[in-house]
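Asks: based on what follows, work out the 3D shape:
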Amino acid sequence: MNRFVVISGCSGGGKSTLLAELFARGFSVVEEPGRRIVRQEQEGEGLALPWVDLAAFARKAIAMAIADRKAAADNAGWTFFDRGLVDAAAALEWATGETTVCRLAASYPYHPTVFMTPPWPEIYAGDDERRHGMDEAVAEYERLAALYPALGYEVVPLPKVSVGERADFVLDRLQG
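Replies: Model (predicted):
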């Protein structure tokens, strides 16, 4: 069984916090490609930032997501990804109309269950790496919530509960 689990969904919905909890419980986790790319680009004079050149950003995110998946190949047990290849390819499709999502998704599959953080305005916060507003975050969530099932994944929305309860929910769902 594929043990690569994607946590996707709304920006600011608690994905990174959930991954930190899963890591604290001893699981392998992979940080969101987008945040790593933004940090790298901001350290230099890079222009592959989502608010400058979304297509260049998405292409870098695709390459990083593929590399992340390959790097995790030898991990034992569950590996949790904060977003992944489908999210990156969806961003490229949104920016350019290029339809790479289906081909990439088939080439690099994840566990058939994808957990989605729903929009949660009460915890949403922008920062230097997340400059878009809640409206853009919700629109992205809606695109992903439609795309994952179209690619054959089962989408499971995460409840709006404490991070510990969310981690328990994910683990219980994967065990059952």
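
Asks: and the residue nearest to the spatial centre of the chain, what is it in contact with?
Replies: Central residue of the chain (C-alpha atoms, centre = their mean): residue 83, 1.1 Å from the mean position. Residues near residue 83 by C-beta atoms under 8 Å, 6 or more residues apart in numbering: 6, 7, 8, 15, 32, 33, 34, 65. (Each C-beta comes from the backbone N, C-alpha and C, glycine too.)

Asks: wait, the third one touches residue 143, no?
Replies: No - contact criterion C-beta atoms under 8 Å: residue 8 and residue 143 do not qualify, at 10.6 Å.

Asks: neighbour count winner among the two?
Replies: Applying other C-beta atoms under 10 Å to residue 8 and residue 143 shows that residue 8 carries more neighbours, namely 27 against 15.

Asks: let me see the mean pLDDT of the one helix or strand the more buried one maps to.
Replies: If you go by DSSP states H and E, residue 8 is part of strand 4-9. Mean per-residue pLDDT for strand 4-9: 95.

Asks: what segments of the chain are strands?
Replies: With DSSP state E as the criterion, the chain has strands at 4-9, 28-30, 79-82, 113-117, 154-157.

Asks: just list what the helix or strand bottoming out on mean pLDDT in the chain packs against, helices and strands only.
Replies: The helix or strand of the chain with the lowest confidence, counting by mean pLDDT, DSSP states H and E, is helix 101-107 at a mean of 78. For helix 101-107, the packing partners by 3 or more C-beta pairs under 8 Å, 6 or more residues apart in numbering; DSSP states H and E come out as helix 85-96.

Asks: just want the angle from the helix it packs on to strand 4-9.
Replies: Taking axes from the mean of the first three to the mean of the last three C-alpha atoms, to 10 degrees, helix 85-96 and strand 4-9 form an angle of 40 degrees between their directions.

Asks: buried sites along helix 85-96?
Replies: Using 16 or more other C-beta atoms under 10 Å as the test for burial, helix 85-96 gives 85, 86, 87, 88, 89, 90, 91, 92, 93, 95.

Asks: that helix: how far from the chain's middle?
Replies: Mean-position distance between helix 85-96 and its chain equals 11 Å (C-alpha atoms, centre = their mean, to the nearest Å).

Asks: list the helices and strands it packs on?
Replies: If contacts are counted by 3+ C-beta pairs under 8 Å, 6+ apart, helix 85-96 sits against strand 4-9, helix 33-43, helix 54-71, helix 101-107, helix 134-150.
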